[in-house]
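Chemist: A predicted structure for the sequence below; I have some questions about it.
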Amino acid sequence: MRVRIRLLDTRPLHGSRAFRDLWIGTSASQLGGQIANVAVLAQVWDLTGSPVGTGAIGLATGLPMVLFGLIGGTLADAVDRRAVVRVTTAGQVLAAAGLCTQALADNRSVLLLLALVAVGTSCSALGAPARRTFPVRLLPGDQVAAGLALTNVSFQAAMLAGPAMAGLLIARWGFPAAYAVQAMATAVSMLAVIRLPAVRPEGTVAAGGRRRPERGGWRFVLRRPTLWGSMATDLSATLLAMPIALFPLVNEIRFGGDPRTLGLFLSAVAVGGITAGLLSGTVTRWRRGGLVQLCAAGVWGLALACFGLAGPLWLALGCLAVAGAADTVSVVTRGALVQCETPDAYRGRVSSMEHVIGVAGPELGNFRGGLLASATSAPFSLALGGLSAVLVVAAVAAVNAPLRAYRTPPAAAKATAPDVAAVQAAAGQGS
């Protein structure tokens, strides 16, 4: 089969004003978030001088992300999703303003700082499931993957530019400037959301004048092979082959612990991701989204196994770039598949499950990799983890024919899934 290389598919930006507004707002918010992440890390270190203090940032962000992400899924299937995102984005603006205010007041309480971080993260997590459902409602079925690719490219660009901008802002004007930029960026996101049309969940049931979502979100996912297979593929790849926690150890034993090399590891992953994003038109037009995700997850595992065994720096960086590119392809195709395969009445809760897997998988994967490396070695942990991920992904592919055969909706169709009655029957809830 001849593969035609295509650049980033920008049809969603030209064809949908609402999606264009959403993309601009999301891009601004992502950049502001990366700037704030560096500022919080630096300020907590300045206040505590302790890795325990900086580690507490993970608790202040991780716990609210999981808890409020699940709550947000149910909320997104019960009320107008635009309203949910408006309110939660307003909360993020207030939290960013609070961070700026505490920095201007020369706050010395790390608990206050972490509390404001937790508030902002809680608002973000509460609105994340609703926000994830927007592209599939705003775009034709064949453009959903392209829209997700555009969002992923802006995220990768923010990961590269945000920390550098944060360093310049903090060095010249201090922490208040970094937080002020975050507040302004979040305000831009707020303005973009205000301009969006109403996005009410479809297929909800009226009860006493109020609307409530259909029951059975988890059961629906487990009984739909394309959904559980896609989520299992992502969880397997991140849980078994997440390399970030091992970067310092690999750098120490192979490259003398040079901090510049450690930075190159992280940059290589981002460069690979951006490159794949800029060429994403090659895969977003392919309709075999399930097969593409399976292949991308397999490449991710193989690339990280090779990174664990790589000797020369150029080879190690090349493997990480390939892994970053594979991750971008997997994220884009998985996101499109999940949104297109889920009935609108369930999209909020299914999006929250995808969100939690995306958050918990990498964190648990880093923990698993660190434990195994402490008992054996970093190269062994990386090689075993990468190959294990390949084997598990292959097993998912072998037993899940619907995922292998999945095709995205054609150009003429909106990205809609089976109606609620069919879903109830599939979930075992039909009358």
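Modeler: Received, thanks.
Chemist: and stretch 63-76, average pLDDT?
Modeler: The average pLDDT for stretch 63-76 rounds to 86.
Chemist: now swap in stretch 175-190 and tell me
Modeler: Mean predicted confidence for stretch 175-190 is 95.
Chemist: show me the contact partners of that stretch.
Modeler: Here stretch 175-190 makes contact (CB atoms under 8 Å, 6 or more residues apart in numbering) with 24-26, 28-29, 31-33, 35-36, 38-39, 42-43, 86, 89-90, 92-93, 96-97, 99-100, 103-104, 165-166, 169-170. C-betas here are computed from N, CA, C, even on glycine.
Chemist: what residues of that stretch count as buried?
Modeler: Across stretch 175-190, burial judged by 16 or more other CB atoms under 10 Å covers 175-183, 185-190.
Chemist: quick one: which of those residues is nearest residue 251?
Modeler: Ranked by distance to residue 251 (CB to CB), the buried residues of stretch 175-190 are led by residue 178 at 27.1 Å.
Chemist: the closest one: which element?
Modeler: Using DSSP states H and E, residue 178 falls within helix 175-194.
Chemist: output that helix as CSV, nothing but the C-alphas.
Modeler: Output in CSV follows, covering the C-alpha atoms of helix 175-194 (Å, rounded to 0.1, in the frame of the first residue of the first chain):
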residue,chain,number,x,y,z
PHE,A,175,6.8,34.8,40.2
PRO,A,176,3.9,37.4,40.0
ALA,A,177,4.6,37.9,36.3
ALA,A,178,4.5,34.2,35.5
TYR,A,179,1.2,33.8,37.3
ALA,A,180,-0.2,37.0,35.7
VAL,A,181,0.5,35.5,32.3
GLN,A,182,-1.3,32.3,33.3
ALA,A,183,-4.3,34.3,34.4
MET,A,184,-4.5,36.2,31.2
ALA,A,185,-4.1,33.1,29.1
THR,A,186,-6.9,31.4,31.1
ALA,A,187,-9.1,34.5,30.5
VAL,A,188,-8.6,34.1,26.8
SER,A,189,-9.8,30.5,27.1
MET,A,190,-12.8,31.8,29.0
LEU,A,191,-13.7,34.3,26.2
ALA,A,192,-13.4,31.5,23.7
VAL,A,193,-15.8,29.2,25.6
ILE,A,194,-18.4,32.0,26.0
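Chemist: what's in contact with stretch 300-318?
Modeler: Residues contacting stretch 300-318 (CB under 8 Å, 6+ apart): 237, 240-241, 243, 250, 254-255, 261, 264-265, 268, 319-320, 322-323, 326-327, 330, 378-390, 393.
Chemist: torsion angles phi and psi at residue 74?
Modeler: Residue 74 has phi and psi values of phi -60, psi -40 when expressed as degrees, to the nearest 10.
Chemist: what about the nearest residue to it once chain neighbours are set aside, neighbour count?
Modeler: Distance criterion CB to CB, 6 or more residues apart in numbering; nearest residue to residue 74, sequence neighbours excluded, is residue 349 at 6.0 Å. Burial of residue 349 is recorded as 27 neighbouring residues (other CB atoms under 10 Å).
Chemist: and what of residue 260?
Modeler: The number of residues packed near residue 260 is 8, by other CB under 10 Å.
Chemist: if we can go back for a sec, buried only: go through the contacts of stretch 175-190 for me.
Modeler: The buried subset of the contacts of stretch 175-190 (16+ other CB under 10 Å) comprises 24-26, 28-29, 31-33, 35-36, 38-39, 42-43, 86, 89-90, 92-93, 96-97, 99-100, 103, 165-166, 169-170.
Chemist: ok, back up a step: narrow the contacts of stretch 300-318 to those that are buried.
Modeler: Among those, those scoring as buried are 237, 240-241, 243, 250, 254, 261, 264-265, 268, 319-320, 322-323, 326-327, 330, 378-379, 381-390, 393 (criterion: 16+ other CB under 10 Å).
Chemist: what helix or strand does the residue nearest to residue 74 sit in?
Modeler: helix 347-375.
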